[in-house]
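Student: With the sequence up front, the predicted model follows.
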Amino acid sequence: MTTWSPSERARYDRKLLRRYHEHGDASAREALVRRHLPLVRSLARRYAGRGEALEDIEQVGTIGLIKAIDRYELSREVALTTYATPNVVGEIKRHFRDKAWTIRVPRHLQELNGKLSKAIERLTATLGRSPTIAEIAAHVDATPEDVLEAFEAGAAYSPASLSVGTSWDGDLDPMEMIGAEDAGFELADHRTRLEPALSGLSAREREILRLRFDEGLTQTQIAELVGISQMHVSRLIRRSLERMRAELS
């Protein structure tokens, strides 16, 4: 299995981008999409649990990735992952925004819906109880079918908010937890600064640091993947970080 450092991945991405934009190589575009699908899945998971299937969100995010690849300018001094992140997030946000307002309600139902609340209030005060659909229809000079349609149409103007917390986070606003657009640029800046220190490490040391700090794996998980003991992984991480600190200082 080939181990890629961040700089090597970025260089290969630029090679594929050049083949696609300068030579029209469609296979290079497909390769770029496949290489960055894990990024799309990671970003899509942040929007799970909001009434949309995760697979559908991933498909929308993939559209954002493809747009980023198509719009990317070779003169940019930024990694494709950094450029693609806000495009993917933006496409997902637009999907949620547009889907909540896709129903186009006829004008007469909009106007009727506006009358229903006052009609129900007046009839309730007069009758001393909640009015029936037939009574509401007679009051607003409409058919019961139109009243029912107007009630359903009213639901089209109650879009699901991305700021509504899920059952596990209570009143916490999920939008405050995203921050993906800024994080991507900041991460690219950190990697640029760390590149001289990373280049002094072996391929295995770079891969172990990537698994630990990029992928978030535990030392035990890394040991199983690499085929060494957890203690050896711990020593390699500590030694690598010490060498990087010395290089950066």
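Tutor: Happy to help now that I have it. Residues are numbered from 1 along each chain as shown.
Student: pLDDT-wise, which helix or strand of this structure ranks last?
Tutor: Using mean pLDDT, DSSP states H and E, helix 175-178 stands out as the lowest-scoring helix or strand of the chain, at a mean of 50.
Student: Name the nearest residue to L127, sequence neighbours excluded.
Tutor: E135 (7.4 Å; Cβ to Cβ, 6 or more residues apart in numbering). C-beta coordinates here come from the backbone N, C-alpha and C atoms, glycine included.
Student: got a pLDDT number for the one you found?
Tutor: pLDDT for E135: 90.
Student: That one reaches L123, doesn't it?
Tutor: Yes. Counting by Cβ atoms under 8 Å, E135 touches L123, with 6.0 Å between them.
Student: Quick check: H108 vs V140, distance?
Tutor: According to Cβ to Cβ, to the nearest Å, H108 and V140 sit 11 Å apart.
Student: Could you check which of the two is surrounded by more residues?
Tutor: Using other Cβ atoms under 10 Å, the more surrounded residue of H108 and V140 is V140, with 18 against 13.
Student: Give the full set of residues in contact with the more buried one.
Tutor: L112, K115, L116, A119, V147 (Cβ atoms under 8 Å, 6 or more residues apart in numbering).
Student: Could you list the low-pLDDT ranges of the protein?
Tutor: Residue ranges of the chain with pLDDT under 70: 1-4, 50-51, 98-105, 107, 153-193.
Student: quick one, domains of it?
Tutor: In terms of domains, the chain is parsed into 1-102+181-199, 107-155, 200-249 (source: automatic domain parsing).
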